[in-house]
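In: Need coordinates for the below:
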Amino acid sequence: MREEIFSLVEQGKYIEARNKMAGLKVVDIAQLFEEIDQKKLLIIFRILPKDLSSDVFTHMSRELQRYVVESMTDQEAMSIIDDLFMDDVIDFLEEMPSNVVKKILKNTNEKTRLLINQFLRYPADSAGSIMTIEYIDLKKEMTVGQAVQYIKANGHDKETINTCYVINSRRILEGVISLGTIVLNDDATIIRDIMDSDVLAINTHDDQEEVANLFKKYDYYVMPVVDTENRLVGIITVDDVLDVIDQESTEDIQKMAAMQPSEKEYLKTGNWVLAKHRIPWLLILMLSAIFTGGIIKRYENALQSVIILASFIPMLMDTGGNSGSQSSTLVIRGLALGELQPGDIWKVLWKE
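Out: Below is the predicted model:
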């Protein structure tokens, strides 16, 4: 299928290529776009069905998203942005240069612009920066019948309707209720009587790594986000958490290798940037090697008298380096998973 689509694109048969793509998953289409010439890609993207093009856009790389938006008219760009969930819009804008952000903001309505600016003010790795505002909230005074009608009327463009949150007149979070609980009760039943008031919420300024740990600990697929006054402002879904876990795991692995973490892909990171991330630790390790050389020099006479001892030096140095790598991997991963705490340092040193 991929080769056939590539062949159609090369021949300029864009309509046929689009029809072939329509049968693929949006993630697969986004991956195909990464391999197609950008000018031809833009033609195909423009003739994709509107709802499909928006879904594909969310799965494109940031570089490709930027190219598409910069190459489109303001009206075309906004037709895509308007169909995205708010968390996807924020993820996109956070990675874009100021000219692209201005292009988007100047064409949005005042309400949307205020929401975007509010999201962009949250700290970079906080719960507020990854939450979405597309959720279902119910009033505790509603009956089940009213709740069902409300969900039917407003649930089409929400990230999830399986979990609904119950608020009061001041938007204070008071409970949570599943769609299954709602539909299994009589229409006259009051939501307050069947909701679960023991609801665990995340603060907008909580670190995203802490959020991921909460999802893992409690096996949730969605959690509410509240402000400092416990007012419901958004939700975080498990798909957002998976992105966080991927990002944090990559950061941990880079730290294990004595490198400064980088958010860009390896092939899309410049040589100077890569060097800047790696040189500091390489210099530190080089200094430690100088001390090692000094120790060897101190025993120079012994090595000259018993030459066979010199053959053990590479073995001992390699074994020391390997055991150090094993220890750092175990400890850093343990810290990342919460299995180790800074106070465990003496236990770790004893074991190692």
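
In: would you say Cys164 is within a strand?
Out: Yes: assessed by DSSP: H, G, I helix; E, B strand; the rest coil, Cys164 belongs to a strand.

In: give me the beta-bridge partners of it?
Out: Note on Cys164: beta-bridge partners by DSSP bridges are Ile177.

In: That one contacts Gly180, correct?
Out: No: the pair Cys164 and Gly180 does not pass the contact test of Cβ atoms under 8 Å, sitting 10.8 Å apart. Heads up, the C-betas are built off the backbone N, CA and C, glycines and all.

In: what about the two, which has more around it?
Out: Cys164 (24 against 10; other Cβ atoms under 10 Å).

In: OK, contacts around the more buried one?
Out: 135-138, 147, 151, 176-179, 182 (Cβ atoms under 8 Å, 6 or more residues apart in numbering).

In: Can you pick out the ones from those that are in strands?
Out: In strands, defined here by DSSP state E, the members of the contacts of Cys164 are 137-138, 176-178.

In: just the residues you listed now: which is nearest Val69?
Out: For the ones in strands among the contacts of Cys164, the residue nearest Val69 by Cβ to Cβ is Asp137; the value is 31.6 Å.

In: how many other residues sit next to Asp219?
Out: Asp219 has 7 nearby residues by other Cβ under 10 Å.

In: Also the one 10 residues further on?
Out: Glu229 sits with 9 neighbouring residues when counted by other Cβ under 10 Å.

In: And for Lys25?
Out: 11.

In: What does it show for phi and psi?
Out: phi -70, psi 150 (degrees, to the nearest 10).

In: Quick check: it vs Gln304, distance?
Out: Going from Lys25 to Gln304 by Cβ to Cβ, to the nearest Å gives 68 Å.

In: try Val176
Out: Val176 is 76 Å from Gln304, by Cβ to Cβ.

In: Of these two, which one has the most company?
Out: Counting neighbours by other Cβ under 10 Å for Val176 and for Gln304 shows that Val176 has the greater number, 21 against 10.

In: For the more buried one, give me its contacts.
Out: 163-166, 195-196, 199, 224.

In: now do 6 Å
Out: 165, 196, 199 (Cβ atoms under 6 Å, 6 or more residues apart in numbering).

In: what's the pLDDT at the last one?
Out: This means Val199. On pLDDT, Val199 comes in at 93.

In: Assess the claim that Gly175 and Ser197 are in contact.
Out: Yes: using Cβ atoms under 6 Å, Gly175 is in contact with Ser197, at 4.6 Å.

In: rewinding a little: kindly supply the PyMOL command isolating those of the contacts of Val176 that are buried.
Out: Command for PyMOL that selects the buried part of the contacts of Val176, burial taken from 16 or more other Cβ atoms under 10 Å:
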select buried, resi 165+199
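
In: would TSV of the contacts of Val176 with distance to Trp346 be doable?
Out: Below are the contacts of Val176 laid out as TSV (distance: Cβ to Cβ, whole Å):
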residue	distance to Trp346
Tyr165	45
Asp196	43
Val199	39
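
In: Tell me which helix or strand comes right after the helix or strand hosting Gln65.
Out: Per DSSP states H and E, Gln65 falls inside helix 62-71. Next helix or strand after helix 62-71 toward the C-terminus (DSSP H and E): helix 74-81.

In: For that next one, list the C-alpha coordinates in CSV.
Out: Output in CSV follows, covering the C-alpha atoms of helix 74-81 (Å, rounded to 0.1, in the frame of the first residue of the first chain):
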residue,chain,number,x,y,z
ASP,A,74,-5.0,32.1,7.6
GLN,A,75,-8.5,30.7,6.9
GLU,A,76,-7.1,27.2,6.0
ALA,A,77,-4.9,27.1,9.1
MET,A,78,-7.8,28.1,11.4
SER,A,79,-10.1,25.4,9.9
ILE,A,80,-7.6,22.8,11.1
ILE,A,81,-7.0,24.5,14.5
